[in-house]
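In: Provided below are the primary sequence and the corresponding predicted coordinates.
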Amino acid sequence: MMDMLMEQATTVRKEWSAVCDSVIHEKPKFIKRTRDKMWFSNLETMMEILSAYKFTADKYMEDDGSVTLSLNEIDLVENGESEQAVRTALGNAILEYSVDYYNDYELYSRSPNRRGHIPYIFKALIMDSPESIGESIQCRDGKS
């Protein structure tokens with residue numbers, strides 16, 4: 001069934017502009033090049049797919065009055081004077097890690113302990129804002 005939906009890479013290459021317009025305004029495309037199979041979509045569609053993936057963190061109130069957030073999906077921890085400040089700091093850490101991951105994708109995506117980060121990496125890269133990422137983090141009280 002999937003093969004019936006595939007467009008050949010040679011056709012896509014010849015009709016590149018029309019294919020891009022179709023992907024942006026109509027629907028994603030499945031593309032086949034010999035044995036390689038790909039998916040081509042716009043970022044809005046990708047963000048909709050990734051909407052099921054949520055950043056969640058455990059929140060700890062420290063003795064000095066600061067707030068610590070420990071991200072559950074990726075091993076990142078940040079501390080700040082307020083929850084808003086630490087959310088932005090954690091959003092920045094997520095985005096920086098995502099850029100590093102993407103730049104060295106071949107290594108990171110093949111590491112068993114990091115493979116599961118892929119949807120979160122792309123979500124953060126598409127969001128492209130530490131503030132937006134930080135605001136999206138769902139926090140729950142951590143247990144000491």
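Out: Good, I have the coordinates.
In: next secondary structure element downstream of the lowest-mean-pLDDT helix or strand in the chain?
Out: Lowest by mean pLDDT, DSSP states H and E among the helices and strands of the chain is helix 2-5, with a mean of 84. Counting by DSSP states H and E, the next helix or strand C-terminal to helix 2-5 is strand 6-8.
In: that following strand packs against which elements?
Out: Counting contacts by 3 or more C-beta pairs under 8 Å, 6 or more residues apart in numbering; DSSP states H and E, strand 6-8 is packed against strand 29-33. All C-beta spots, glycine's among them, are computed from the backbone N, C-alpha and C.
In: would you mark the buried spots in the lengthiest helix in the chain?
Out: When the chain is parsed with DSSP state H, its longest helix is helix 83-103. The neighbour-count check on helix 83-103 (16 or more other C-beta atoms under 10 Å) flags 83, 86-95, 97-98, 101 as buried.
In: put the alpha carbons of the least confident helix or strand of the chain into PDB.
Out: Output of helix 2-5 as PDB, limited to C-alpha atoms (Å, rounded to 0.1, in the frame of the first residue of the first chain):
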ATOM      1  CA  MET A   2       2.800   2.500   1.000                       C
ATOM      2  CA  ASP A   3       4.500   2.000  -2.400                       C
ATOM      3  CA  MET A   4       1.400   3.200  -4.200                       C
ATOM      4  CA  LEU A   5       1.700   6.500  -2.300                       C
END
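In: may I see the buried residues of that helix?
Out: Applying 16+ other C-beta under 10 Å to helix 2-5 flags no residue as buried.
In: residues in contact with it?
Out: Contacts with helix 2-5, where a contact means C-beta atoms under 8 Å, 6 or more residues apart in numbering, come from Phe30, Lys32, Lys37.
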